[in-house]
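In: Below are the sequence and a predicted model for it; my questions follow.
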Amino acid sequence: MTNNKIILFNPKSANGKHRIPNSILQVGAAIHGTYDYVFLDGNLEKDPWQKIKDYFDTGEFKYFCSTVMPGPQLKQAIPFTKKIKELYPESTIIWGGYFASNQYEVCMNSNLVDYIVNGPGDITFPSLLTILEGKKLEQTIFEKTLSEIENLIFKDGNGNIVKTKKEQLLDQDSLTNLPYTYLNNFYPLKNYLAKTFMGKTTLSYHSSMGCPFTCSFCGIVPIFGGRWKGKSAEGMYEDVKYFKNKYNIDALEFHDNNFFTSKKRVLEFSNLILNDNIKYWGEGRIDTLNKYSDDELKLMKKAGCEMIFLGAETGNDAVLKQMNKGGTQSGKMIKDFALRMRKAGIIPEMSFVLGMPADTEKQVYDQILWDINFIKEIKAINPDTEIIIYLYSPTPTKGSKLYQQILDAGFSFPETLEAWISPSWENFDLRKNPLTPWLKPYMIDKIKNFETVLNGYYPTVSDFRIRGYKKSILRTLSGIRYKTGFYKFPYEIKVFHKIWKYRQPEIEGFYSE
């Protein structure tokens, strides 16, 4: 009997219909056929801890490997890891994902996590397993061998945290195909294909790694360092055709950090998918997409591009500079592009980050008011624009001016894993509760009240339950407030949002069935 089997765990991330766990699928692909492993999706298990315990109680499992995103996933990842260390001390814990990479010090100092895969694990993960499963090495040789693995974080014999150098991003077409059929043995793939506002059968798909920009507020910058690598249009289309033929998908969610980086790739894919009657959503940058011609945007629309998530952040050029947004984006460009999207028939889903630090309390509040008015200008230009509002939650790159600014303002992250799963920090990770000393309660009230009124007057199209009389009631209730700027105490709107379980896409993704 072997005792080195592996659990690849995807902690619960939301309460609604769930998407294919691409992160652990990619890790599974890296070891498929070499090591015995199981998939465990916390989103689809009634009692995921019992399932984990049952696996370990067989005596066949040694490795617990979890992807860990900030926010809801921590509520399973942290307590489950702690229990495993207590009950199965000989086990090896390996974490990956944005939280583990960005908060690696608190993870490693917890003594719960043995190793962190700091970025893509296509080579890192099997290389680590090869060493751990190899013959026993003298400590110094063992550490030297580990230090030669790129994208790895571990502790040496003296308790010092070691971060190895970053790996060059791999040719995405050269990677092993994701083991969809193997996943289907654990969870029927059809359970992951949801009805959304775009279609009856929506596939979640990841076609690239990284982003070529280095915004100082973005959590992926420390992981990818301004690098991007995408699968070819042909490679993407091959995967899409597989799901089209087998499951008759009619919609796609591209969960890339920056899907539209390569115009050549996007246009080639658009021509390939043109006649397949598949709608899609993806994330991009305004200054990147603004380089697309009107005809190219119309081609994308004809090929099924329904909505694009765009990080507008703010219309204030000085604040964009403070964020180190990079590129050429400006307030004027945001307005101009909102109009271009209206003409192309593609819905822009623009996110704004309110509550950036400033020198004085008045400057912080004035900027919030300015951004609220700018958002209303965008809605006047293109009423179909979806607006996502985040409270600024620091994830700045160490060494940046913004990083020093938040330290000077008195902000600090939790120093223990247990503190990260308190309700206030979970909301911080969702960018709904900043815990930042420069944002005062009245400022947060102003932002949240405006957001409630905005979501009443312009309910998101992605929650397709809110239409007809429901939409009319919300617009009637919020209309006077929105037009006059009176946002205080919007309880009447909140009541109907609660009754109808209004779903904000930035918290739990698109409403799906």
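Out: The structure has been received and is ready for your questions.

In: Residue 497 is in what secondary structure piece?
Out: Taking DSSP states H and E as the definition, residue 497 sits inside helix 491-499.

In: oh, I was asking about residue 445
Out: Residue 445 belongs to helix 441-457, assigned by DSSP H and E.

In: any weak-confidence spans in the stretch 101-250 of the chain?
Out: For the stretch 101-250 of the chain, applying pLDDT under 70 flags the ranges 135, 137, 216-217.

In: try 80
Out: 135-143, 214-219 (pLDDT under 80).

In: now the helices for it?
Out: Applying DSSP state H, counting those that start in this stretch to the stretch 101-250 of the chain gives helices spanning 104-109, 124-132, 139-147, 180-186, 221-224, 233-247.

In: So for residue 422, which of these sits nearest?
Out: Closest to residue 422 of those is helix 104-109 (C-beta to C-beta; 13.6 Å). Yep, even glycine has a C-beta here, placed from its N, CA and C like the rest.

In: so where is the stretch 301-450 of the chain shaky, pLDDT-wise?
Out: For the stretch 301-450 of the chain, the stretches flagged by pLDDT under 80 are 323-326, 393-413, 422-436.

In: next SSE after the helix holding residue 445?
Out: Next helix or strand after helix 441-457 toward the C-terminus (DSSP H and E): helix 469-484.

In: hang on, the earlier thing: if we go by neighbour counts, what in the helix holding residue 445 is buried?
Out: By neighbour count, with 16 or more other C-beta atoms under 10 Å as the criterion, the buried positions of helix 441-457 are 443-444, 446-457.

In: Likewise for stretch 156-168?
Out: Neighbour-count burial for stretch 156-168, with 16+ other C-beta under 10 Å as criterion, is recorded at 164, 166-167.

In: Dump the residues you listed into TSV; add distance to residue 102 as well.
Out: Listed next are these as TSV, based on distance: C-beta to C-beta, whole Å:
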residue	distance to residue 102
164	16
166	14
167	17
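
In: tell me which of the residues you listed is nearest to residue 318?
Out: Using C-beta to C-beta, residue 166 is the member of the buried residues of stretch 156-168 that sits closest to residue 318, with 31.8 Å.

In: quick one, what contacts that closest one?
Out: By C-beta atoms under 8 Å, 6 or more residues apart in numbering, the residues touching residue 166 are 118-119, 150-151, 225.

In: And for residue 299?
Out: Per C-beta under 8 Å, 6+ apart, neighbours of residue 299: 267, 270-271.

In: now do the same end-to-end measure for stretch 315-330.
Out: Terminal residues of stretch 315-330 are spaced 7 Å apart (C-alpha to C-alpha, to the nearest Å).

In: Can you get me a residue count around the spatially closest residue to residue 450 that is not a sequence neighbour?
Out: Here the nearest residue to residue 450 in space, its sequence neighbours aside, is residue 487; by C-beta to C-beta, 6 or more residues apart in numbering that works out to 4.8 Å. With neighbours defined by other C-beta atoms under 10 Å, the count for residue 487 comes to 21.

In: measure residue 487 to residue 445 for me?
Out: Going from residue 487 to residue 445 by C-beta to C-beta, to the nearest Å gives 9 Å.

In: for residue 112, same thing?
Out: Look at residue 112 and residue 445: by C-beta to C-beta, they are 37 Å apart.

In: what do you get for residue 102?
Out: From residue 102 to residue 445 the distance is 29 Å (C-beta to C-beta).

In: Please pick the buried ones from the contacts of residue 166.
Out: For the contacts of residue 166, buried by 16+ other C-beta under 10 Å: 118-119, 150-151.

In: going on from the longest helix seen in the chain, what's the next piece of helix or strand?
Out: Determined from DSSP state H, the single longest helix within the chain is helix 361-381. Next along the chain after helix 361-381, taking DSSP H and E as the criterion, comes strand 386-391.

In: got the contact list for that following strand?
Out: Contact partners of strand 386-391, identified using C-beta under 8 Å, 6+ apart, comprise 307, 309, 347-355, 375, 378-379, 431-434, 439, 444, 447, 450-451, 454, 458, 460-462, 505-506.

In: now stretch 484-492
Out: So stretch 484-492 is contacted by 445-446, 449-450, 452-453, 456, 477-478, 480-481 (C-beta under 8 Å, 6+ apart).

In: so how far is the first residue of it from its last?
Out: Taking C-alpha to C-alpha as the measure, stretch 484-492 stretches 17 Å from start to finish.

In: swap in stretch 318-329?
Out: End-to-end distance for stretch 318-329, by C-alpha to C-alpha: 11 Å.

In: Buried ones in it, by neighbour count?
Out: For stretch 318-329, burial by neighbour count (16+ other C-beta under 10 Å) applies to 319-320, 322-326, 329.

In: circling back to that earlier point, can you pull the buried residues of the helix holding residue 497?
Out: If you call a residue buried by 16+ other C-beta under 10 Å, then helix 491-499 has these buried ones: 493, 496-497.

In: Who are the contact partners of residue 41?
Out: Taking C-beta under 8 Å, 6+ apart, one finds 10, 18, 21, 24, 48, 186-187 in contact with residue 41.

In: In helices only, show me those residues.
Out: Among the contacts of residue 41, the members falling in helices (DSSP H) are 24, 48, 186.

In: so where do the strands sit in the stretch 251-400 of the chain?
Out: Applying DSSP state E, counting those that start in this stretch to the stretch 251-400 of the chain gives strands spanning 251-254, 279-284, 305-313, 347-354, 386-391.

In: Let me have these in a markdown table, extended by distance to residue 65 and mean neighbour count.
Out: Formatted as a markdown table, these follow (distance: least, C-beta to C-beta, whole Å; neighbours: other C-beta atoms under 10 Å):
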| stretch | distance to residue 65 | mean neighbour count |
| --- | --- | --- |
| strand 251-254 | 25 | 24 |
| strand 279-284 | 27 | 22 |
| strand 305-313 | 29 | 24 |
| strand 347-354 | 31 | 22 |
| strand 386-391 | 30 | 21 |
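
In: Just send the ones you listed back as JSON lines, with distance to residue 243 too.
Out: Compiled in JSON lines, these are given as follows (distance: least, C-beta to C-beta, whole Å):
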{"stretch": "strand 251-254", "distance to residue 243": "9"}
{"stretch": "strand 279-284", "distance to residue 243": "12"}
{"stretch": "strand 305-313", "distance to residue 243": "17"}
{"stretch": "strand 347-354", "distance to residue 243": "23"}
{"stretch": "strand 386-391", "distance to residue 243": "26"}
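
In: Having no further points to raise, I will conclude here.
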